[in-house]
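**Q** coordinates only, no sequence provided:
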């Protein structure tokens with residue numbers, strides 16, 4: 001039986017046939033029918049416990065149940081004072097636990113609240129704006145820079161479209177999209193002909209055919225994983241449960257023996273012997289244990305809150321102290337999630353960004369070109385524009401080049417915008433020597449348009465490869481004089497090569513120290529990210545996670561492994577790249593099955609299930 005093609009493999013004709021729709025969009029009647037069939041385009045949260053359920057759940061503890069039984073027996077025997085004391089202690093414990101849980105849950109809920117975006121769709125051939133929740137499979141949605149993507153879909157048109165997908169895939173840079181079908185099994189982050197709910201457009205424009213909405217989207221699959229993920233007890237909970245059962249059994253056995261001795265051996269009154277046994281049981285059971293544990297954990301929770309860490313379950317405070325493996329996302333967790341220039345190549349030399357001197361006549365044209373051939377703007381802490389361009393602007397500012405002054409001095413006369421097919425951008429400015437066209441783009445593309453000797457080209461390609469192997473993103477810069485401001489694509493030839501600028505999303509300053517501290521404490525740090533392997537490995541090596549005795553692999557490597565094989569495999573690996581949320585869960589479970597207590601940290605939606 002022939003296997004059905006994946007969405008990213010199908011042609012436009014196959015997609016329209018499968019979804020029974022057309023390029024001019026759905027009719028209003030058809031859209032209404034599909035909304036009734038597929039439901040609203042929104043995620044369904046898991047069933048939330050009420051405050052009463054949370055309160056009653058505090059009594060679901062073996063020791064507490066024994067105490068309640070003791071209180072009932074005390075009441076039956078007329079010992080009202082003992083009953084009141086026992087019930088007061090366990091009620092106070094329940095109230096403390098409930099308040100802490102409700103406060104933490106409310107904090108988490110406030111983080112989850114996201115307003116449903118609107119969407120521009122084609123209905124009856126006309127562009128209309130509708131609430132995002134009313135989008136249905138088969139809709140054709142219009143995308144522009146700044147739009148949030150309301151559903152999963154396959155791109156039909158793409159004009160230099162870039163989408164930020166870091167929350168879903170962990171990739172730090174916006175992804176350049178295209179419309180060509182892809183082949184075979186392709187990782188989520190490499191499906192460049194698709195867009196996904198929860199991402200947003202940073203550049204360009206396009207149209208896409210909605211193929212999945214609501215819980216059927218990639219974001220919905222993550223929500224489903226969250227609903228299905230079972231909670232595990234912390235070591236403290238396990239220890240207290242075991243202690244409670246053993247202590248209770250021992251106490252009940254002793255009380256039963258004493259009751260038997262009193263009645264059968266000493267021939268005491270049955271009621272007096274029973275009251276003595278109950279009194280002994282109540283005295284022996286540590287009524288305050290649960291309260292003391294709750295209070296101590298509450299202090300720990302308060303201290304964690306001061307460090308901006310919300311603890312949802314009190315027992316997690318103790319669990320953190322027992323962790324033996326920490327799995328961490330990369331983008332925004334170990335790194336700053338802000339592109340920064342690290343190295344330059346100009347005048348035949350590789351220069352660290354911190355050693356750059358733009359008073360040097362060889363380096364000055366490179367930075368000036370980087371600022372002029374850019375649309376990014378930085379105002380205080382606000383950054384507007386592509387992350388690679390904002391990195392260039394920050395480099396200029398640290399070297400005394402304010403982008404506003406540079407652009408006002410040499411204003412842009414005309415431009416050829418960036419295009420994903422050309423992989424270049426050009427602008428024209430009037431410099432001291434006349435009209436100058438300045439260009440930036442991918443190194444391989446720009447080199448083909450530059451006038452360089454074979455020796456120079458070989459050296460540039462060598463440096464470019466060196467930068468790429470270090471996980472750096474490289475841009476090339478060039479220029480040429482032109483006769484007039486009106487330029488065509490033909491003018492982007494016979495260029496003079498100016499240099500390369502290499503950048504990356506650098507580690508947080510505290511990451512290296514934190515990793516070293518974990519290793520000293522006997523905790524194994526692991527990086528699990530959706531970003532590319534080379535980039536992830538470079539960051540992991542820099543902060544100390546990836547060492548000579550471990551390796552970096554892509555998530556596809558573990559697809560064919562059984563759970564048992566994965567358990568044997570995980571100790572060898574410190575970096576997992578290009579992984580899906582399902583991969584992250586499997587990796588965490590493999591470490592747990594090896595007897596480790598595992599912590600998972602990350603700032604993306606894709607980290608939540610793990």
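**A** Everything's here; your move. Everything numeric in this text was worked out from a predicted model, so none of it was measured.

**Q** least trustworthy helix or strand in this structure by mean pLDDT?
**A** The weakest-scoring helix or strand in the chain, judged by mean pLDDT, DSSP states H and E, is helix 80-112 (a mean of 66).

**Q** what does the helix or strand where residue 514 lies contact?
**A** Using DSSP states H and E, residue 514 sits in helix 511-520. Defining contact as Cβ atoms under 8 Å, 6 or more residues apart in numbering, one finds that helix 511-520 is touched by 326, 334, 335, 524, 525, 542, 543, 544, 545. No exception for glycine: its C-beta is placed from N, CA and C like everyone else's.

**Q** which member of those is positioned nearest residue 90?
**A** Lowest distance from residue 90 to these (Cβ to Cβ) belongs to residue 326, with 35.6 Å.

**Q** just to revisit the earlier point, buried stuff in the helix holding residue 514?
**A** 511, 514, 515, 518 (16 or more other Cβ atoms under 10 Å).

**Q** how much space between the spatially closest residue to residue 566 that is not a sequence neighbour and residue 401?
**A** Setting aside the residues directly before and after it, residue 566 is nearest to residue 590 in space (Cβ to Cβ, 6 or more residues apart in numbering), at 4.5 Å. Going from residue 590 to residue 401 by Cβ to Cβ, to the nearest Å gives 50 Å.

**Q** who has more neighbours out of these two?
**A** residue 590 (22 against 18; other Cβ atoms under 10 Å).

**Q** which SSE is the more buried one in?
**A** helix 581-593.

**Q** and the next helix or strand past that helix?
**A** Once helix 581-593 ends, the next helix or strand along the chain (criterion: DSSP H and E) is strand 598-601.

**Q** quick check: mean pLDDT across stretch 525-543?
**A** Mean pLDDT, computed over stretch 525-543, is 86.

**Q** can you list the buried residues in that stretch?
**A** So for stretch 525-543, counting by 16+ other Cβ under 10 Å, buried means 525-533, 535-543.

**Q** just stretch 196-213 next, same as before
**A** 196-204, 206-213.

**Q** mind listing what whatever helix or strand comes next after the helix holding residue 514 pairs with, with the direction of each?
**A** Downstream of helix 511-520, the first helix or strand assigned by DSSP H and E is strand 524-528. For strand 524-528, the paired strands and their directions (DSSP bridges) read strand 325-328 (parallel), strand 573-577 (parallel).

**Q** one step back: could you check the angle strand 524-528 makes with the helix holding residue 590?
**A** Between helix 581-593 and strand 524-528, the angle comes out at 160 degrees (axes from the mean of the first three to the mean of the last three Cα atoms, to 10 degrees).

**Q** contacts for helix 581-593, please.
**A** With Cβ under 8 Å, 6+ apart as the criterion, helix 581-593 contacts 221-222, 225, 229, 232, 325, 327, 526, 528, 555, 558, 563, 566-567, 569-570, 576, 579, 598, 600, 606-610.

**Q** just how off-centre is that helix within its chain?
**A** 16 Å (Cα atoms, centre = their mean, to the nearest Å).

**Q** list the buried residues for that helix?
**A** Those would be 581, 582, 583, 584, 585, 586, 587, 588, 589, 590, 591, for helix 581-593 by 16+ other Cβ under 10 Å.

**Q** state the mean pLDDT of it.
**A** pLDDT averaged over helix 581-593 gives 87.

**Q** endpoints of stretch 427-440, how far apart?
**A** 9 Å (Cα to Cα, to the nearest Å).

**Q** now stretch 575-588
**A** OK, stretch 575-588 end separation, Cα to Cα: 13 Å.

**Q** just how off-centre is that stretch within its chain?
**A** That offset, for stretch 575-588, works out to 12 Å (Cα atoms, centre = their mean).

**Q** same thing with stretch 510-523?
**A** So, by Cα atoms, centre = their mean, the centroid of stretch 510-523 is 21 Å from its chain's centroid.

**Q** one step back: looking at the strands paired with strand 524-528, which is buried most?
**A** strand 573-577 (a mean of 23; mean count of other Cβ atoms under 10 Å).

**Q** quick one: neighbours of residue 365, just the number.
**A** Residue 365 is flanked by 20 other residues according to other Cβ under 10 Å.

**Q** next: the one 4 residues further on.
**A** By other Cβ under 10 Å, the residues close to residue 369 number 23.

**Q** I'd guessed it sits against residue 498; true?
**A** Yes. Using Cβ atoms under 8 Å, residue 369 makes contact with residue 498 at a distance of 5.8 Å.

**Q** what packs against the host helix or strand of residue 275?
**A** Using DSSP H and E, residue 275 sits within helix 270-284. Using 3 or more Cβ pairs under 8 Å, 6 or more residues apart in numbering; DSSP states H and E, the elements in contact with helix 270-284 are helix 62-76, helix 80-112, helix 235-260.

**Q** which stretches of the stretch 101-250 of the chain form helices?
**A** Secondary structure of the stretch 101-250 of the chain by DSSP state H, counting those that start in this stretch: the helices cover 166-169, 218-228, 235-260.

**Q** can you redo these as CSV with mean pLDDT?
**A** Listed next are the helices of the stretch 101-250 of the chain as CSV, based on pLDDT from 0 to 100:
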stretch, mean pLDDT
helix 166-169, 74
helix 218-228, 74
helix 235-260, 76
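
**Q** let me know which of those is tucked in deepest.
**A** Comparing those by mean count of other Cβ under 10 Å gives helix 166-169 as most buried, with a mean of 25.

**Q** quick check: bridge partners of residue 129?
**A** Under the criterion used (DSSP bridges), residue 129 bridges to residue 120.

**Q** follow-up on the earlier one: quick one: average confidence on the helix holding residue 514?
**A** pLDDT averaged over helix 511-520 gives 90.

**Q** angle of that helix against strand 524-528?
**A** Going by the same axes, to 10 degrees, helix 511-520 makes 130 degrees with strand 524-528.

**Q** domain parsing for the chain?
**A** Split into domains by automatic domain parsing, the chain comes to 7-42+116-227, 51-111+232-306, 323-335+509-607, 340-504.

**Q** chain center to the longest one: distance?
**A** Read that as domain 340-504. Using Cα atoms, centre = their mean, the distance from the centre of domain 340-504 to the centre of the chain it belongs to is 31 Å.

**Q** same question for stretch 4-21.
**A** With Cα atoms, centre = their mean, you get 30 Å for stretch 4-21.

**Q** mind listing residues that contact it?
**A** 22-23, 30, 137-140, 154, 156, 181-186, 191, 193-194, 209, 211.

**Q** same check, this time on stretch 396-406
**A** So stretch 396-406 is contacted by 356-358, 367-368, 370-372, 374, 376-378, 393 (Cβ under 8 Å, 6+ apart).

**Q** ends of it, how far apart?
**A** End to end - Cα to Cα - stretch 396-406 spans 10 Å.

**Q** what's the answer for stretch 334-354, then?
**A** Stretch 334-354: ends 21 Å apart by Cα to Cα.

**Q** now do the buried residues in it.
**A** Buried-residue list, stretch 334-354, by 16+ other Cβ under 10 Å: 334-335, 337, 339-346, 351, 353.

**Q** show me the two of these that sit farthest apart.
**A** Of all pairs drawn from the buried residues of stretch 334-354, the greatest distance, 30.4 Å, lies between 334 and 346 (Cβ to Cβ).

**Q** from the centre of this protein, give me the residue that's furthest out.
**A** Each residue of the chain has a distance to the centre, and by Cα atoms, centre = their mean the biggest one is for residue 267: 71.2 Å.

**Q** ok so, going back, find residues that contact each of residue 369 and residue 498.
**A** 477, 479.

**Q** for residue 191, see how far away residue 117 is.
**A** Taking Cβ to Cβ, one finds residue 117 at 21 Å from residue 191.
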